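**Q** Predicted model and sequence follow; I will ask about them next.
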Number of protein chains: 2
Amino acid sequence: MFVHTVFFWLKHPENQADRDALRAGLESLKGINDITTAYIGVPADTRRPVIDHSYDFSLTFVFGDKDAHDRYQIHPVHLEFVSECSHLWERVQVYDAVS
Amino acid sequence: MFVHTVFFWLKHPENQADRDALRAGLESLKGINDITTAYIGVPADTRRPVIDHSYDFSLTFVFGDKDAHDRYQIHPVHLEFVSECSHLWERVQVYDAVS
């Protein structure tokens, strides 16, 4: 399995239109066939020193293997998401894991 | 859903016995009933500036809700894992997300 995890920090987290636009963009990605399982979330209300809850949205996409992930990266829907939404975020942090 | 993601940095990543011990501890967690889906991984070979591949192990556990996650945190198998393995890691970074 290949687990692709991304955290997004908005430029203007107080702007509801920006939040809605990023969420809609993230939801659009779920339609990409190569994704086995998709989770889109916001920070839980857990608070411990080891927890980073400063992000605005998270994405956890599971792929069958790295090839499926690589196809996702260049899928037109993903490229459109980056093109349409990247101006909304200040920072993204990605972790890719294989098991 | 509640997605609990943890990244572990070993104190001695070059020590195979430490790696094996942490992996065995992580695998033991999969037996906890409240976990809906469990992924344990190591960094993929993807390399982009936004990707953090410096960690040694990752854990992504999906729970039905926060209550299930909270029961996991105090489950004897989880407490034993922390007790047995926490000396192995230098740092953990946790992200909790709800959707």
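**A** Good, I have the coordinates. Numbers count the residues shown, from 1 in each chain, chains lettered A, B, ... in the order given.

**Q** all contacts plus neighbour counts: C-alpha atoms, from now on.
**A** OK.

**Q** Can you tell me the closest non-neighbouring residue to the residue nearest the centre of chain A?
**A** Note on chain A: the residue nearest the mean C-alpha position is A:L59, at 3.3 Å, using C-alpha atoms, centre = their mean. Excluding the flanking residues, the one nearest A:L59 by C-alpha to C-alpha, 6 or more residues apart in numbering or on different chains is A:I40, at 4.6 Å.

**Q** Now for that neighbour: which residues touch it?
**A** A:26-27, A:57-60, B:98-99 (C-alpha atoms under 8 Å, 6 or more residues apart in numbering or on different chains).

**Q** Might you report the residue contacts of A:L88?
**A** A:10-12, A:18, A:22.

**Q** From B:I32, how far out is the residue nearest to A:L59?
**A** The gap separating A:I40 from B:I32 is 24 Å, by C-alpha to C-alpha, to the nearest Å.

**Q** State the number of residues packed around A:A44.
**A** Using other C-alpha atoms under 10 Å in any protein chain shown, A:A44 has 17 neighbouring residues.

**Q** same question but for A:P43, I mixed them up
**A** For A:P43, the number of neighbouring residues by other C-alpha under 10 Å comes to 21.

**Q** was I right about it contacting B:V98?
**A** Yes - contact criterion C-alpha atoms under 8 Å: A:P43 and B:V98 qualify, at 6.2 Å.

**Q** now the helix or strand A:R23 falls within, how far from the chain's geometric center?
**A** If you go by DSSP states H and E, A:R23 is part of helix A:16-29. Distance, stretch centre to chain centre, for helix A:16-29: 10 Å (C-alpha atoms, centre = their mean, to the nearest Å).

**Q** repeat for stretch A:43-60
**A** 14 Å.

**Q** same check, this time on stretch A:34-45
**A** What separates the centre of stretch A:34-45 from the centre of its chain is 8 Å, taken as C-alpha atoms, centre = their mean.
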